[in-house]
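[1] Output the structure for:
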Amino acid sequence: MNPHHHSPVTAPGVELRRYGAVVSSDLHDFHQIVLGFDGAMQMTVEGVGACIDYHSAWLVPAGARHDYAGISENRQLVLDLPAASLAVPERLFDAPRAVRIDRWLRGHLAQPLRIADLAAYCGLGMRRFHALFVDAFGETPHRYLQRLRLDTALTLLAVPRRSLTDIALEVGFGDQSAFTHAFTQRSGIAPGQWRALPPH
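    From the prediction side, this is the model:
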């Protein structure tokens with residue numbers, strides 16, 4: 001199977017891509033980060049295989065052969081990064097590997113959002129990362145993380161012994177009041193009322 005040929009990448013690029021069920025092969029002279037966004041795909045890089053879903057990502061170094069195929073309907077966020085870019089820490093791509101991104105994000109939920117940290121995680125400058133993120137997701141990194149915080153809060157609200165204050169602090173709100181305001185704005189009801197609803 002012949003790998004696809006690509007034009008040189010001179011600036012970071014990002015796009016949502018769908019992968020078909022037929023196994024394809026690729027080899028390019030730029031680094032790539034494939035972040036699971038929706039659905040799943042199988043990828044093997046230099047003989048090491050892993051499934052990518054919304055919990056994970058692949059760091060593919062320039063020059064590493066990789067075979068991949070989508071598993072049913074899927075969308076992946078793909079960042080193409082010039083191998084020579086100073087914005088990309090070389091140690092990030094010293095070897096191909098799969099990484100867990102939800103663990104990183106969830107591990108930072110309780111901290112104030114620093115777009116610089118998210119940008120550094122993806123190997124991009126802050127302004128460039130912000131623009132690419134909005135282009136890809138249709139919302140700012142702040143709004144995206146806010147959604148992640150509220151989704152995590154829903155899971156924690158299902159645990160009766162957890163206080164609303166504890167939940168608020170754990171998912172990154174300064175206090176219960178800020179959490180209640182954001183939750184009510186999104187859900188139409190306060191977290192205490194949501195908790196009192198019968199299970200669906």
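
[2] Buried residues in whatever helix or strand R147 lives in, which are they?
    Using DSSP states H and E, R147 falls within helix 141-157. For helix 141-157, a neighbour-count test (16 or more other Cβ atoms under 10 Å) marks P141, Y144, L145, Q146, L148, R149, L150, T152, A153, L157 as buried. C-beta: built from backbone N, CA, C; applies to glycine.

[3] And for stretch 69-84?
    Neighbour count says stretch 69-84 has G70, N74, R75, Q76, L77, V78, L79, D80, L81, P82, A83 buried, by 16+ other Cβ under 10 Å.

[4] And the residue lying closest to A190 once chain neighbours are set aside, which helix or strand is it part of?
    Distance criterion Cβ to Cβ, 6 or more residues apart in numbering; nearest residue to A190, sequence neighbours excluded, is T184 at 5.0 Å. T184 is part of helix 176-187 when elements are defined by DSSP H and E.

[5] Mind listing what's buried along the helix or strand just after that helix?
    Later in the chain than helix 176-187, the nearest helix or strand by DSSP H and E is helix 191-196. Neighbour-count burial for helix 191-196 flags P191, W194, R195 (criterion: 16+ other Cβ under 10 Å).

[6] quick one: which of those is nearest Q42?
    W194 (37.2 Å; Cβ to Cβ).

[7] Make sure the closest one is actually in contact with F183.
    Yes: W194 lies in contact with F183 (Cβ atoms under 8 Å); the separation is 7.4 Å.

[8] Break the protein into its domains for me.
    Domain ranges of the chain: 13-100, 141-191, per automatic domain parsing.

[9] For these, which has the smallest mean pLDDT value?
    Lowest mean pLDDT of these: domain 13-100, a mean of 81.

[10] can you give me the strands for the chain?
    Under the criterion DSSP state E, the chain contains strands at 13-17, 24-26, 30-45, 48-52, 56-60, 66-82, 97-100.

[11] who's in contact with the closest residue to I167 other than its chain neighbours?
    Nearest non-adjacent residue to I167, counting by Cβ to Cβ, 6+ apart: L156, 4.6 Å away. The neighbours of L156, taking Cβ atoms under 8 Å, 6 or more residues apart in numbering as the test, are R162, I167, E170, V171.

[12] cool, L35 as well?
    Residues in contact with L35 (Cβ under 8 Å, 6+ apart) are A57, Q76, L77, V78, L79, I101.

[13] among those, which two are most distant?
    Farthest pair in the contacts of L35, by Cβ to Cβ: V78 and I101, 13.6 Å.
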